[in-house]
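[1] Below is the sequence, then the predicted model.
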Amino acid sequence: MGDSITAGDQVPGGYRAPLRDRITGQGWSVDFVGSQRQPGDTSSDQDHWGRPGWGITDTDAVIDGRRYVSLQANEGPQGARRPGLWADLEAAISPRYFSTSPGVDNLLLLMMGTNDVLHQVVERRDGARPAGDRGNNGRGEQQNRIGEATIDRLKAFLNRVDRLAGRAELKLKVVLGTIPRFNNYWNASRLKDPISSVMQQEAVEVNQWIRERSGAMALRNITITPVDQRAAVGSSLIDGLHPDATGYRRMADTWWEGIQDALA
């Protein structure tokens with residue numbers, strides 16, 4: 001579950017095809033699940049829950065009493081208003097996609113947050129307003145709070161996964177990936193999202209929380225195993241944002257390591 005990187009942007013099948021090969025090569029059976037399929041993917045199991053352009057929650061959602069707003073200015077006066085994976089959870093975390101049978105392990109490979117950082121989503125307080133990035137340069141208008149806001153919504157997301165898993169009587173192992181790096185090649189045309197050093201640092205803050213603290217969350221029905229997809233992908237990017245084929249193979253290797261740790 002995630003955004004366009006999960007879907008496999010520009011590399012049909014993304015990490016799923018090499019990951020399936022790793023799993024079945026060990027003699028295990030696996031069924032990828034989800035409501036989405038990617039055009040051009042010819043692999044034998046195409047199901048996933050990747051939503052290109054989506055964030056953790058709707059940009060202007062109210063989550064745990066907190067209101068959020070996109071500071072990004074080049075998509076109009078309301079900022080970058082995008083839907084969020086939060087809206088899919090009710091359908092996704094259910095016996096329709098996961099098994100209640102003994103002996104079957106349920107795993108959720110989850111990686112999201114890139115769009116929340118790119119679209120400069122912060123809590124709406126202290127004067128933060130839609131499209132507030134006046135210089136369209138990703139700095140100077142509370143961009144230093146992007147990481148804090150992304151972490152808050154990610155915590156709320158994981159808590160909701162936990163509640164929904166309990167309601168459905170599912171035991172779920174979440175392998176949670178850090179978000180890969182991005183660079184200004186993504187905005188080479190100057191028509192997309194500005195990427196500043198401040199935004200880069202906020203992504204580092206999000207990833208530090210995922211690596212060091214997400215696994216310690218007090219949850220009843222899910223466990224969290226963090227994996228470092230940022231380190232795995234490195235600079236293997238096709239457009240400054242999405243992994244190339246090499247990057248996706250490295251992602252598959254890292255998911256596989258996380259799966260083994262989660263099931264140990």
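    Received, thanks.
[2] how about the helices of the stretch 51-200 of the chain, start to end?
    For the stretch 51-200 of the chain, the helices defined by DSSP state H, counting those that start in this stretch occupy 89-92, 114-118, 146-167, 197-212.
[3] looking at the ones you listed, which is buried most?
    helix 114-118 (a mean of 27; mean count of other Cβ atoms under 10 Å). (Glycine included, C-beta is placed from N, CA and C.)
[4] Show me what that helix is packed up against.
    Packed against helix 114-118 by the contact rule (3 or more Cβ pairs under 8 Å, 6 or more residues apart in numbering; DSSP states H and E) you find helix 146-167, helix 197-212.
[5] Just want the most central residue of this protein.
    Met112 (1.1 Å; Cα atoms, centre = their mean).
[6] coming back round to it: switch the helices and strands packed on helix 114-118 over to a markdown table; also include distance to Arg250 and mean pLDDT.
    Shown next, in a markdown table, are those (distance: least, Cβ to Cβ, whole Å; pLDDT from 0 to 100):
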| stretch | distance to Arg250 | mean pLDDT |
| --- | --- | --- |
| helix 146-167 | 23 | 98 |
| helix 197-212 | 16 | 98 |
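[7] Out of the ones you listed, flag the one nearest Gly55.
    helix 146-167 (8.0 Å; Cβ to Cβ).
[8] The closest one: how far from the chain's middle?
    The chain centroid and the centroid of helix 146-167 are separated by 12 Å, computed with Cα atoms, centre = their mean, to the nearest Å.
[9] now do stretch 139-147
    Worked out by Cα atoms, centre = their mean, stretch 139-147 lies 20 Å from the chain centre.
[10] show me the contacts for the closest residue to Pro52 other than its chain neighbours.
    Spatial nearest neighbour of Pro52, excluding adjacent residues (Cβ to Cβ, 6 or more residues apart in numbering): Ser4 at 3.6 Å. With contact taken as Cβ atoms under 8 Å, 6 or more residues apart in numbering, Ser4 is in contact with 50-53, 242.
[11] quick check, nearest of those residues to Asp193?
    Among the contacts of Ser4, and counting by Cβ to Cβ, the member closest to Asp193 is Gly53, at 10.8 Å.
[12] give me the number of residues near Met1?
    For Met1, the count of nearby residues is 23 (other Cβ atoms under 10 Å).
[13] what's the spatially closest residue to it that is not a sequence neighbour in contact with, if anything?
    Spatially, and ignoring its direct neighbours in sequence, Met1 is nearest to Trp49 (4.2 Å; Cβ to Cβ, 6+ apart). The contact partners of Trp49, by Cβ under 8 Å, 6+ apart, come to 1-2, 6, 33-36, 85, 88, 92.
[14] Next one: the residue nearest to Val30 when sequence neighbours are not counted from Asp47, what distance?
    Spatial nearest neighbour of Val30, chain neighbours left out: Ile23 (4.7 Å); criterion: Cβ to Cβ, 6+ apart. In this view, Ile23 and Asp47 are 14 Å apart by Cβ to Cβ, to the nearest Å.
[15] One more: Arg190?
    Taken as Cβ to Cβ, the span from Arg190 to Asp47 is 37 Å.
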